[in-house]
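J.: next come a sequence and a model predicted from it.
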Amino acid sequence: MLNSPTLSDFISQKGYLPALQSILLDIAKVSVQVQKTLLDAPLGGMLGGNAHVNVQGEDQQKLDAYADELFVQGLLQNTFLAGIGSEERDDLIQGSAQGEYIAFFDPLDGSSNIDVNGSLGTIFSVMPRTQTGTLHNEELLQKGENQVLAGYVLYGAATWLVCSFGKGVHTFVLHTQTDTYHLLHEALQSPKSGKIYSINEGNILDCETPVQDYVKNCQERRYTARYAGALVGDFHRNLLKGGIYLYPATEKSPKGKLRLLYEAFPLAYIAREAGATASNGTMPILDITATALHERTPLFIGSVEMMRDLGAHCAF
Ligand code: AHM
Ligand code: MG
């Protein structure tokens, strides 16, 4: 398998825009640091909270803050980036005024898995700028379809980097002896249908009736329920095997829990490029125009036939 191309060689051979190649390679480089940090975290006193509540109103974990710092510092050096938006930061961070792109991050997704050695992830999205000079907040108010690069890193039993430049989805696996990612799948296609549904069923009584009906339908069909409490892991499994992930609006989170710019947009982009699809229950995720950095959205994402079945129960 080590004969397969490295991430760097592969994206260079594909001829993607040099600026985007450079941004992705920097993300990959930081993800290796994050992976090493995760491996040593339990013995290094890095588990648990840091007594800080982030802008989301969520208890920040030490590793949330650490991963955020690694990505922000690592990516701010990239002069193609005019700024960075992160789940852990209140506002956009200014980068190079000459930069032509903005990067959005969920530096460490699945925070509730940190202390139990469950799977974790990093989600990233890159958008072009709409103005020049100093980065303005209104530049993040773009549609998901404007993304030019998106993906995620899954820190599981192995570390995978999954990305798309808008021409198919490619997966890479980290070789830990050399700290290099190597190609595993080129132009990955997700199954058109599947039998896995992923939802926090503890919330089911707080979901709208069409979502309850759909989940009941999955149970009647004897589908398999799988929910890790970590979006990247759940999405990745369903992408490979065929399945659907649902995080609807609930009484507790009337606008949904997940964030549009750095969770829903990038995963919807990957889904589209792999032949799957994503919706907020009313419209395709990639057609939504963001209105704020930390905007939340309901998210339904997965295999096209399962999404079609869900549509029979919901208004989309
Ligand atoms: P995080 O980015 O702070 O980790 O929150 C997002 C996570 C997702 O990874 C996961 O799918 C979801 O929240 C789980 O939420 P819940 O515990 O409500 O089921
Ligand atoms: Mg997250």
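T.: Yep, it's here. This one's a predicted model, so the numbers in the text were calculated from it and none came from an experiment. Ligands and ions are numbered 1, 2, ... in the order given.

J.: might you report the residue contacts of Leu267?
T.: 123, 150, 152, 231, 235, 278, 299, 301 (Cβ atoms under 8 Å, 6 or more residues apart in numbering). Placement of C-beta: from N, CA and C, glycine included.

J.: thought Thr277 was touching Ala271?
T.: Yes. In this structure, Thr277 is within contact of Ala271 by Cβ atoms under 8 Å, at 5.9 Å.

J.: okay, these two: which has more neighbours?
T.: Just comparing Thr277 and Ala271: by other Cβ atoms under 10 Å the higher neighbour count belongs to Ala271, 26 against 23.

J.: let me know the pLDDT of Glu251.
T.: Looking at Glu251, its pLDDT stands at 88.

J.: quick check: Glu87 vs Arg259, distance?
T.: Glu87 sits 6 Å away from Arg259, going by Cβ to Cβ, to the nearest Å.

J.: what does Thr122 give?
T.: For Thr122, the distance to Arg259 under the criterion Cβ to Cβ works out to 14 Å.

J.: what is in contact with these two at once?
T.: Here Thr122 and Arg259 share the contacting residues Asp106, scored by Cβ under 8 Å, 6+ apart.

J.: contacting residues around stretch 108-119?
T.: The contact list for stretch 108-119, computed with Cβ under 8 Å, 6+ apart, reads 34, 41-42, 47-48, 58, 61, 63-64, 67-68, 120-123, 152, 154-156, 228-233, 263.

J.: go with 6 Å
T.: Residues external to stretch 108-119 that are found in contact with it (Cβ atoms under 6 Å, 6 or more residues apart in numbering): 47, 61, 63-64, 67, 120-121, 123, 156, 228-233.

J.: please list the members of those that lie in strands.
T.: When DSSP state E is applied, the contacts of stretch 108-119 are split such that 61, 120-121, 123 fall in strands.

J.: between which two of those residues is the distance greatest?
T.: Farthest apart among the ones in strands among the contacts of stretch 108-119 by Cβ to Cβ are Gln61 and Ile123. That separation is 16.2 Å.

J.: just give the number of residues close to the closest residue to ligand 2 within the stretch 51-200 of the chain.
T.: Proximity to ligand 2, evaluated over the stretch 51-200 of the chain using Cβ to the ion, is greatest for Asp109 at 3.4 Å. Applying other Cβ under 10 Å, we find 29 other residues in the vicinity of Asp109.

J.: not counting sequence-adjacent ones, nearest residue to it?
T.: Spatially, and ignoring its direct neighbours in sequence, Asp109 is nearest to Gly121 (4.3 Å; Cβ to Cβ, 6 or more residues apart in numbering).

J.: that neighbour bridge partners, please.
T.: For Gly121, the beta-bridge partners are Asp109, Leu154 (DSSP bridges).

J.: that one contacts Tyr152, doesn't it?
T.: Yes. Using Cβ atoms under 6 Å, Gly121 and Tyr152 qualify as a contacting pair, with a distance of 5.3 Å.

J.: higher neighbour count, the two?
T.: Neighbours per residue, other Cβ under 10 Å: of Gly121 and Tyr152, the larger number sits with Gly121, 29 against 26.

J.: for that one, what are its contacts?
T.: When contacts are counted by Cβ under 6 Å, 6+ apart, Gly121 touches 109-110, 152, 154, 232.

J.: now for those residues: which two are most distant?
T.: The two members of these with the most space between them (Cβ to Cβ) are Gly110 and Tyr152, at 10.8 Å.

J.: where do the strands sit along the stretch 1-150 of the chain?
T.: For the stretch 1-150 of the chain, applying DSSP state E, counting those that start in this stretch gives strands covering 49-53, 59-61, 81-86, 93-94, 101-109, 120-128, 149-155.
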